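>>> Sequence and predicted structure below; questions after.
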Amino acid sequence: MPVPADWPTTEAEALAEQQRLRELVEPYGPGLAEGELVAGVDVAYDDERDVVVAAAVLLDQASLEVVEEATAVGRISFPYVPGLLAFRELPAVMDALASLHQTPDLVVCDGYGLAHPRRLGLASHLGVLTGLRTVGVAKTPFTFTYEQPGPERGAWAPLSDAETGEEVGRAVRTRPGVKPVFVSVGHRIGLDESVAVTLALAPTYRLPETTRRADSLCRRALAAAIG
DNA sequence: GCGACAG
DNA sequence: ATCTTGTCGC
């Protein structure tokens, strides 16, 4: 599942593409079931050498054991623009996913889904392009606001758009007393289910195991790719 | 107009 | 994202 041939190269094209895809997001659906496979994806860059490396790691939902790993190396095709991150990261991510021998039942992304200025963060974008179920788990609140969730693991508070007041995601406490992560729906899953999946994937550390594994793998692959 | 701004 | 030392704590 490589990226479409007419992948946007300018901000204007990217904005038009987001407007088209946002209508296709399905913000409802089940969480993980017994025996399903979850993929974590992440990207690392070397701006100097114009190199990007993506990693996709497949884990068993119940044991969180690694089932399969894949990486993809490419050229940086889009600058970092807040709100347009998908256009920078997805080409390599989709190549890495295509290299997996099994199809994930859910993909956990490092970033947002519906919690996005135009409701199409990279997780939702990836979901619509691939048809896969996706969730976004970000490390910072971007432009949204939230109240501090309770100190215990599992506590959460709405992540809201200050303009519209709508709940676009949730600040979720995965570790007691540690800064929350920011969960939002990607595609074909509901918000409650997204939060439950995030907690199940992060039994020990702040970030989901999927994200930790993918982050570690793409860094190692980048180091190996450059001299 | 200016600053902030997922990774 | 990436550049970077030491340090506090389980």
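Perfect, I can see it now. From a predicted model like this one, the values you see are computed outputs, not experimental measurements.
>>> Okay, helices next: where are they in chain A?
A:11-21, A:85-99, A:122-130, A:191-201, A:209-225 (DSSP state H).
>>> neighbouring contacts of the fourth one?
Put plainly, it is helix A:191-201. A:27, A:29-32, A:38, A:59, A:61, A:64, A:106, A:108, A:113, A:135, A:137, A:153-154, A:156, A:167, A:169-170, A:172, A:174, A:181, A:183-186, A:189, A:208-210 (CB atoms under 8 Å, 6 or more residues apart in numbering). For glycine as for every other residue, the C-beta is placed from the backbone atoms N, C-alpha and C.
>>> now do the first one
Contacting residues not belonging to helix A:11-21 are listed as A:P8, A:F78, A:V81, A:L84, A:F87, A:R118, A:L120, A:S124, A:H125, A:V128, A:L129 [CB under 8 Å, 6+ apart].
>>> And for the shortest one?
Contacts made with helix A:122-130 from outside it, assessed by CB under 8 Å, 6+ apart, are listed as A:1, A:3-4, A:18, A:21-22, A:24-25, A:41, A:85-86, A:89-90, A:93-94, A:97, A:107, A:109, A:111-114, A:116, A:120, A:132-136, A:184-188.
>>> quick check, it touching DNA strand C?
No. With CB under 7 Å from any atom of the strand as the measure, helix A:122-130 is seen stopping short of DNA strand C, the closest distance being 12.0 Å.
>>> Against A:D60, how distant is the residue in chain A that DNA strand C sits nearest to?
Here the residue of chain A nearest DNA strand C is A:A44; by CB to the nearest atom of the strand that distance is 3.5 Å. According to CB to CB, to the nearest Å, A:A44 stands 25 Å off from A:D60.
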